[in-house]
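Engineer: whatever this is, show me its structure:
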Amino acid sequence: MKNYIYILGLALSMSSCEDFLTRDNPTGITDAEFWKTSGQVEAALGQCYNLPHGTHHYTSPYISMVHQEGLTDNSYHGADFEGWIVSAGNGTITAEDGKMSELWSARYSIIRKCCRLLENMDKAYFVDEPEREKIRGEAIILRVYYHWELMRYFGLEEGIPIVDHSLTPNENFMARSSAGEVYDWMLTELDRAIAIEDLPFKYDDSRKTKVDRSVAYALKSIIALNAKRYDIARDAAKKVIDSGEYELYYTAQTDDQPGKNFRDLFRSVGQNNKERILYSAAGLREAFFRCAGPGLGQQCTVNPLLSFVNSFETMQGKTLDELGPDSLAIYSRDPFYHNNRDPRLFLSVIAPGDSTTFSHYTYNPFVEGPEAIGRPNASRTGFMLKKYIDPLDRNHPYNGSNAFYIIRYAEILLTYVEALIESGDWQNPDVLKYINDIRRRADMIEATSNQYNSQDKVRELLRRERRVELAFEGSRYLDIRRWGIADKVMDGPIYGAINPATGEPIQVETRIFKKNKNEVFPIPQSELIANENMTQNKGYFGNE
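Structural biologist: Okay, here's the model as predicted:
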């Protein structure tokens, strides 16, 4: 890998903490003169935190995780920014797209910051030595996290370069490590952080946005699941479950709306909860502006698809496919028919005719007006995202304060269940226990062993629960790849709501997904030019 970070560092000012995190210093102020105090080390650690957000797309180097759902069969990206999401979603992304270079280089830049911190922190004087070990643990976890992000976008098939130290000019041309080697390294590094006794299992509220051992276990379970190392995923998730530190959120609100516990988890009333494991504070600060449509004076940049809407069960626990083609047609025309759907649908999507979002407001994209399909800032699918719309943000749509959950307890429960199912332990009572805990929180009927009486059926249930429970939180992109179904659900036309005038669904675009290619993004062309040892991912120009 080209050591662009070193070159950039030479051009930076010599005085700030940032300097010492991004470059080796051949002249001027030396490392020995900088890495002296615990305060300097703590400031350096702060530079290593650049975690994902939900809806604010300007914060480099991240895709907003809510908009990232446009890379999946849940949504179409309808914004006039980050157009590369459409290209990646429909299979036309190329190595020349500037976002590929940004995603790649920005993450390696922050990995270097973590390396510099770990290499120099022991030079500093600490009054409180356990604090040094806490910082060490956090930096190790963060370095793994950024490697994991590179893996999920670029390396699932062929791996990425592992950067476990700050590179020198003599190390400009790093080759990839295999995917298996990267998984081994990440899991070993997380174990190293977990072994640091001074790093708390769970930080108290004074450091609640920091990574700790519970985050290390949670991340370990997610990484191991995607590596299909099910025993490791199961055991790591169980450490989080058995700790007793986390629980599914239940609201204190007294209204009778079905699913209110799920609803309030994503609103300001539910922000102080024990379900969040890793999150970005104020990560949903533009949620109202980006999700509410022009009828509410905003932009509709996140457009759910009909296939997502149709994945929700009825209140009786039946899928639309189980009910048959006549019922499928009815619920496709009117997703809220007789209010007989999983409450998470009502709370995740605004469908045509919905008047429940705000008083004196009814959404209808099939009549003339600012929200008509095809109008500026209107939904392209006839559906809008409700999940993150908090009524309290209406008066400050650009500056909402709600957090975005990067990892929450429900995901770890579902990760644990999937690891049990895929390791052959699908009859373990924990499988239905934890799935039903999540369904019960959403006011859904419980699944029974009579109904789900085979590995295939339980697997289908688990996958449906992950889709509806974790929608627009960033998990679907990896789920469809891990399950080997991306080529089935991401290839062909995608549809929105049924147009009542024609009785046909709105066709948004036709996607192309090439197996053994579009599972990952292309390695950026700039990296291939700069690094003679870097190879392109399979299927892209240069490695067809």
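Engineer: gap between the two ends of stretch 257-273?
Structural biologist: 20 Å (Cα to Cα, to the nearest Å).
Engineer: if I look at the most centrally placed residue in the chain, how far off is V302?
Structural biologist: In the chain, the residue lying closest to the centroid (Cα atoms, centre = their mean) is G474, at 2.6 Å. Separation of G474 from V302 (Cβ to Cβ, to the nearest Å) stands at 13 Å. C-beta: built from backbone N, CA, C; applies to glycine.
Engineer: and if you look at R112?
Structural biologist: Using Cβ to Cβ, we find R112 at a distance of 33 Å from V302.
Engineer: ok, now L385?
Structural biologist: Taken as Cβ to Cβ, the span from L385 to V302 is 4 Å.
Engineer: over to L45?
Structural biologist: Taken as Cβ to Cβ, the span from L45 to V302 is 33 Å.
Engineer: same question, A419
Structural biologist: Distance, A419 to V302, using Cβ to Cβ: 30 Å.
Engineer: these two: who's more crowded?
Structural biologist: It is V302, of A419 and V302, that has more neighbours when counted by other Cβ atoms under 10 Å, with 29 against 24.
Engineer: what's the more buried one in contact with, if anything?
Structural biologist: Contacts for V302 (Cβ atoms under 8 Å, 6 or more residues apart in numbering) come out as 66-67, 69-70, 75, 77-78, 290-291, 384-385, 472.
Engineer: for it, phi and psi?
Structural biologist: With angles defined as degrees, to the nearest 10, V302 sits at phi -120, psi 110.
Engineer: bridged to it, which residues?
Structural biologist: Beta-bridge partners for V302, by DSSP bridges, are H77.
Engineer: read off the pLDDT value for it.
Structural biologist: pLDDT for V302: 97.
Engineer: quick check: the closest residue to S178 other than its chain neighbours vs Q451, distance?
Structural biologist: Distances taken as Cβ to Cβ, 6 or more residues apart in numbering put G159 closest to S178, at 4.6 Å, once the chain neighbours are dropped. Going from G159 to Q451 by Cβ to Cβ gives 41 Å.
Engineer: what's the answer for R408, then?
Structural biologist: Distance from R408 to Q451, by Cβ to Cβ: 27 Å.
Engineer: hang on, P505 in a strand?
Structural biologist: Yes. According to DSSP: H, G, I helix; E, B strand; the rest coil, P505 belongs to a strand.
Engineer: secondary structure class for the nearest residue to it once chain neighbours are set aside?
Structural biologist: Of all residues not flanking P505 in the chain, Y495 sits nearest, at 3.9 Å (Cβ to Cβ, 6+ apart). Put simply, Y495 is strand when judged by three-state DSSP.
Engineer: and what of I407?
Structural biologist: strand.
Engineer: I'd like the numbering to begin with 18 instead of 1 from here.
Structural biologist: New numbering, starting at 18: the last item is I424.
Engineer: report how many residues lie close to it.
Structural biologist: 22.
Engineer: is it in contact with A235, as I believe?
Structural biologist: Yes. I424 is in contact with A235 according to Cβ atoms under 8 Å; the separation is 5.0 Å.
Engineer: so what sits against both of the two?
Structural biologist: Counting by Cβ under 8 Å, 6+ apart, the residues touching both I424 and A235 are 294-295.
Engineer: which one of R425 and Q468 has more residues nearby?
Structural biologist: Neighbours per residue (other Cβ under 10 Å) separate R425 from Q468, with R425 holding more: 23 against 13.
Engineer: how about the contacts made by that one?
Structural biologist: With Cβ under 8 Å, 6+ apart, R425 has these contacts: 292-294, 296, 490.
Engineer: and what of F375?
Structural biologist: Neighbouring residues of F375 by Cβ under 8 Å, 6+ apart: 313, 408, 411.
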